[in-house]
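Participant: whatever this is, show me its structure:
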Amino acid sequence: MDGKTQETGEFMDRETIERIALEALKKVAPEADCEGLDPEKRFRDQFEFDSVDFLNFINALQEKLKVDVPEIDYPKLATLRGCVDYLTPIMPNA
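Facilitator: Numbers count the residues shown, from 1 in each chain. Just a heads-up that it's a prediction; the model follows:
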């Protein structure tokens with residue numbers, strides 16, 4: 001393989017995973033200020049983001065990245081940094 005995942009055709013480094021997470025976030029919460037997002041702070045503490053939005057965000061990530069995130073790990077994806085830290089090691093060629 002050439003460093004890309006077969007599913008997405010993208011390199012899965014931290015920056016790519018962050019970009020994909022931000023795209024998923026923008027899709028679910030278009031009012032979110034992704035430019036001013038604090039990567040350490042929970043999404044729900046930065047903009048209107050309820051539990052349904054969070055589940056839709058998780059589903060969008062799983063669909064785009066072709067991964068399954070166990071429900072017990074959902075809280076690890078509550079921040080941008082958490083998403084990147086959790087997803088990077090489980091992605092091929094990260």
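Participant: which is the succeeding secondary structure element to the helix or strand hosting Gln62?
Facilitator: Using DSSP states H and E, Gln62 sits in helix 51-65. Using DSSP H and E, the helix or strand that follows helix 51-65 in sequence is helix 80-87.
Participant: can you list contacts of that following helix?
Facilitator: With contact meaning C-beta atoms under 8 Å, 6 or more residues apart in numbering, helix 80-87 is reached by 14, 17-18, 21-22, 25, 37, 39-40, 43, 61, 65, 67, 69, 73, 76-77, 94. To be clear about C-beta, it is placed using only N, CA and C from the backbone, and glycine gets the same treatment.
Participant: recalculate using a threshold of 7 Å.
Facilitator: Residues from elsewhere that reach helix 80-87 (C-beta atoms under 7 Å, 6 or more residues apart in numbering): 14, 17-18, 21, 37, 39-40, 65, 73, 76-77.
Participant: can you tell me the closest non-neighbouring residue to Phe43?
Facilitator: Phe49 (4.6 Å; C-beta to C-beta, 6 or more residues apart in numbering).
Participant: Tyr74: what's it in contact with?
Facilitator: Counting by C-beta under 7 Å, 6+ apart, Tyr74 has contacts Ile58.
Participant: just to revisit the earlier point, could I get the contacts of helix 80-87 in CSV, plus columns for neighbour count and pLDDT?
Facilitator: Output for those, formatted as CSV (neighbours: other C-beta atoms under 10 Å; pLDDT from 0 to 100):
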residue, neighbour count, pLDDT
Arg14, 13, 92
Ile17, 24, 95
Glu18, 17, 95
Ala21, 25, 95
Leu37, 16, 91
Pro39, 13, 95
Glu40, 9, 96
Leu65, 22, 93
Asp73, 13, 97
Lys76, 14, 97
Leu77, 20, 97
